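In: Below is the structure, and that's it, no one-letter string:
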Ligand SMILES: [Zn+2]
């Protein structure tokens, strides 16, 4: 009987084992490339074991959401951005209220000189946030991010799987950098653990792990086995069953991969089926494989999570190193890249950045045109492109990152050993889509006033 991979039942579903198995079903289900003689007899019985899928305890932050927030402007209306760490503790709600009140108190002091109208608007948003914590927040996640503005009714909440530094920012646009920092390395992995009979599938995102599927392909005795069967024949029988199980697991992973977008697949479990897995991986699967963990199939969730974190860390550092090296090679060899804030901002204004590479925590004030989005890191009154008055920005690097996302560029925040090297060369750079010598080009085009 074919395994119903789409079965979403949370209940224990035990598939009917062998009886009445039809050859056509077998063909569909078994992926054995060269079925051994008598293959029809070795279809393993398959069970989908009970899985507690449950509700997600955090919200994933998508690139689209970050992009929308980065583009958002309050158009004269204040925009509230709140980040709050919500560590599990006793009296969690009371502690949250205390922290919030502290932030609000500080904000109140900061807003003293502002118009009554603005102060009223900010108070309304704070009330809304308070109400959300009281009535809607389900106490999940380790951090919370909230954005609120009257303009276009902006109201967005995220329960984050990692803690964040407490911050309440009132500005003319959402403050998205902490969210961007958090999601920069937020690889979303599918993890498959395998032994000869069982397969478990997990999803790991940041510090969260959830088990998504588990099934067992049972060994079934060879029906016509008799005293005449050689040890060799029985051995082949079991090997074929393991292979069928491995292929079943590959199918399930494929199915999950199609459903949601993941950044990679990690496998682990027992040596023998893993070797078979590697032998039978389709090419596309192989390309998605980011690592292997030495974890038994029955490992508790936290052990799986720790092993994945090690792979993830190594993977993130490797990507950082590759990107920073690519940046240096291209920039120094007059390739399609720029280094340094001034050149990088210009590349973003011209709109040909493919990957923006930023040292973690690098901040710099600057100016931005609210009309045409021209950006510059030196003082200038009017926009050289459209003539509008430029707006001062506390952190032009934050704006540059938002702009890169809006242009569909990747943003790489460098935190590992490459960080120092990048700092020495100018803290920020970009790999560009065009092959032009951007560092030398039109150096005086945007002379400061
Ligand atoms: Zn302009």
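Out: Cool, the structure landed. Please read these numbers as outputs of a predicted model, since none were measured by experiment.
In: List the contacts of the residue in the stretch 1-150 of the chain positioned nearest to the ion.
Out: Here the residue of the stretch 1-150 of the chain nearest the ion is residue 73; by Cβ to the ion that distance is 14.0 Å. From N, CA and C alone the C-beta is placed, and that goes for glycine too. Contacts were defined as Cβ atoms under 8 Å, 6 or more residues apart in numbering; by that measure residue 73 touches 151, 172-173, 370.
In: so can I have TSV of these showing secondary structure?
Out: Written out in TSV, the entries for the contacts of residue 73 read as follows (DSSP: H, G, I helix; E, B strand; the rest coil):
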residue	secondary structure
151	helix
172	coil
173	coil
370	coil
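In: can you tell me which of the residues you listed lies nearest to the ion?
Out: Ranking those by separation from the ion, with Cβ to the ion as the measure, puts residue 370 on top at 8.0 Å.
In: wait, isn't the closest one in contact with residue 386?
Out: No. Using Cβ atoms under 8 Å, residue 370 is not in contact with residue 386; the gap is 10.1 Å.
In: coming back round to it: what separation do you get for the residue of the stretch 1-150 of the chain closest to the ion and residue 173?
Out: Taking Cβ to Cβ, to the nearest Å as the measure, residue 73 and residue 173 are separated by 5 Å.
In: Likewise for residue 122?
Out: In this structure, residue 122 and residue 173 are separated by 15 Å, where distance is defined by Cβ to Cβ.
In: more neighbours, those two?
Out: Here residue 122 and residue 173 are compared on neighbour count by other Cβ atoms under 10 Å; more neighbours surround residue 173, at 25 against 22.
In: Surely residue 326 is in contact with residue 430?
Out: No. Contact between residue 326 and residue 430 fails when scored by Cβ under 8 Å: they sit 11.0 Å apart.
In: Look through the chain and tell me its longest strand.
Out: strand 208-218 (DSSP state E).
In: what comes up buried for that one?
Out: When neighbours are counted by 16 or more other Cβ atoms under 10 Å, the buried residues of strand 208-218 are found to be 208-217.
In: Stretch 193-210 now?
Out: Using 16+ other Cβ under 10 Å, the residues of stretch 193-210 that count as buried are 193-206, 208-210.
In: which SS class is the residue of the stretch 1-150 of the chain closest to the ion?
Out: Assigned with three-state DSSP, residue 73 falls in the coil class.
In: what does residue 430 give?
Out: Residue 430, by the three-state scheme (three-state DSSP), is strand.
In: so where does residue 367 fall, helix or strand?
Out: Residue 367 is located in strand 366-368, with elements delineated by DSSP states H and E.
In: Give the pairing partners of that strand; include direction for each.
Out: Paired strands of strand 366-368, with direction, are strand 375-376 (antiparallel), strand 391-393 (antiparallel) (DSSP bridges).
In: residues in contact with the closest residue to residue 119 other than its chain neighbours?
Out: Excluding the flanking residues, the one nearest residue 119 by Cβ to Cβ, 6 or more residues apart in numbering is residue 111, at 5.5 Å. Contact analysis of residue 111 by Cβ under 8 Å, 6+ apart lists 118-119, 122, 170.
In: Return the member of the residues you listed nearest to residue 145.
Out: Closest to residue 145 out of those is residue 170 (14.9 Å), distances taken as Cβ to Cβ.
In: For the residue lying closest to the closest one once chain neighbours are set aside, grab the count of nearby residues.
Out: The shortest distance from residue 170 to any residue that is not its chain neighbour, by Cβ to Cβ, 6+ apart, is 5.2 Å, and that residue is residue 78. Using other Cβ under 10 Å, the number of residues around residue 78 comes to 22.
In: next one: residue 290
Out: Using other Cβ under 10 Å as the criterion, the residues surrounding residue 290 number 19.
In: Correct me if wrong: residue 366 contacts residue 376.
Out: Yes. Assessed by Cβ under 8 Å, residue 366 is found in contact with residue 376 at 6.1 Å.
In: and for those two, which residues touch both?
Out: Between them, residue 366 and residue 376 have 345, 396 as joint contacts when contacts are counted by Cβ under 8 Å, 6+ apart.
In: okay, the two: which has more neighbours?
Out: Comparing residue 366 with residue 376 by neighbour count (other Cβ under 10 Å), the higher total belongs to residue 366, at 25 against 22.
In: which SSE is the residue lying closest to residue 416 once chain neighbours are set aside in?
Out: The spatially closest residue to residue 416, leaving aside those adjacent along the chain, is residue 317, at 4.4 Å (Cβ to Cβ, 6+ apart). Secondary structure here is read from DSSP H and E; on that basis residue 317 sits in helix 301-332.
In: Distance from the helix or strand following that helix to the middle of the chain?
Out: In the C-terminal direction, the helix or strand that comes right after helix 301-332 (DSSP H and E) is strand 337-339. The chain centroid and the centroid of strand 337-339 are separated by 26 Å under Cα atoms, centre = their mean, to the nearest Å.
In: swap in stretch 110-120?
Out: Centroid separation for stretch 110-120 versus its chain: 38 Å, with Cα atoms, centre = their mean.
In: when you give positions from now on, start the count at 25
Out: That works, and once the first residue is 25, the last one we named lands at stretch 134-144.
In: ok, and for that stretch, which residues are buried?
Out: residue 143.
In: can you give me the end-to-end distance of that stretch?
Out: One end of stretch 134-144 to the other measures 14 Å (Cα to Cα, to the nearest Å).
In: Secondary structure element holding the closest residue to residue 127 other than its chain neighbours?
Out: Across the structure, with Cβ to Cβ, 6+ apart as the measure, the residue nearest residue 127 apart from its sequence neighbours is residue 192 (4.1 Å). Of the helices and strands defined by DSSP H and E, residue 192 is found in strand 191-195.
In: what's the next secondary structure element after that strand?
Out: Assigned by DSSP H and E, the successor of strand 191-195 is helix 201-208.
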